[in-house]
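> Have a look; sequence and predicted model below, questions after that.
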Amino acid sequence: MTMEQGHGRSAVSVAGGASRVRPGASLWASALVLAGLVLVQVGRLASSAAPFESSALAGSSAARAGDIAILSAEAGNEDVLLVIDGRREVLLVYRIENQSTVTLAQKVSLPQVFADARSKALGGT
């Protein structure tokens, strides 16, 4: 097994010449998928009164700049803004009420989320 580094990426070569991507890369991919699923669920909850009138993510948008990824979605008369900070490894969930008040609803440590999930998957409590 050897380590190779270059251009900000590193891979581990295992016997037979195959290589694996660093665990951190899969962690971020999983975090983005998780954030997308949260947006879908928020949209479904917000549109439960009229589920067939519009898509749950019709008003959503996403952007990325450096280590920051931002996703937004409409949820009734509030909007939800998800910010993934890659440098600090946190997911910040903001509620925007009546397009005027921004409130931090939740701050989640991404490494802790994945450690908890891994522990539960391996039979922990």
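Nice, I can see it. Numbering: from 1, shown residues only.

> pLDDT below threshold where in this protein?
Applying pLDDT under 70 to the chain picks out residues 1-26, 42-60, 124-125.

> change it to 80
Filtered on pLDDT under 80, the chain yields the residue ranges 1-60, 73-78, 98-100, 124-125.

> can you pull out the helices in it?
Using DSSP state H, the helices of the chain run over 23-46, 110-121.

> just so I know, which of those helices lies nearest Leu81?
helix 23-46 (10.1 Å; Cβ to Cβ). Placement of C-beta: from N, CA and C, glycine included.

> Tell me, how many residues neighbour the closest residue to Ser109 other than its chain neighbours?
Leaving aside its chain neighbours, Ser109 sits nearest to Val90 (5.9 Å; criterion: Cβ to Cβ, 6 or more residues apart in numbering). Neighbour count of Val90, defined by other Cβ atoms under 10 Å: 17.

> List the buried residues of stretch 101-114.
Within stretch 101-114, the residues scored as buried using 16 or more other Cβ atoms under 10 Å are 108, 110, 113-114.

> re earlier: the helices of the chain: which one's closest to Glu74?
helix 23-46 (6.7 Å).

> that older thread, help me confirm that the residue nearest to Ser109 comes into contact with Gln106.
No. Here Val90 does not reach Gln106: they are 10.1 Å apart, not a contact under Cβ atoms under 8 Å.

> For this structure, which segments count as strands?
2-6, 9-13, 19-21, 61-65, 68-75, 78-85, 90-97, 101-109 (DSSP state E).

> for the ones you listed, which one sits closest to Leu39?
The nearest among the strands of the chain, by Cβ to Cβ, is strand 68-75 at 4.6 Å.

> Against which helices or strands is the closest one packed?
helix 23-46, strand 61-65, strand 78-85 (3 or more Cβ pairs under 8 Å, 6 or more residues apart in numbering; DSSP states H and E).
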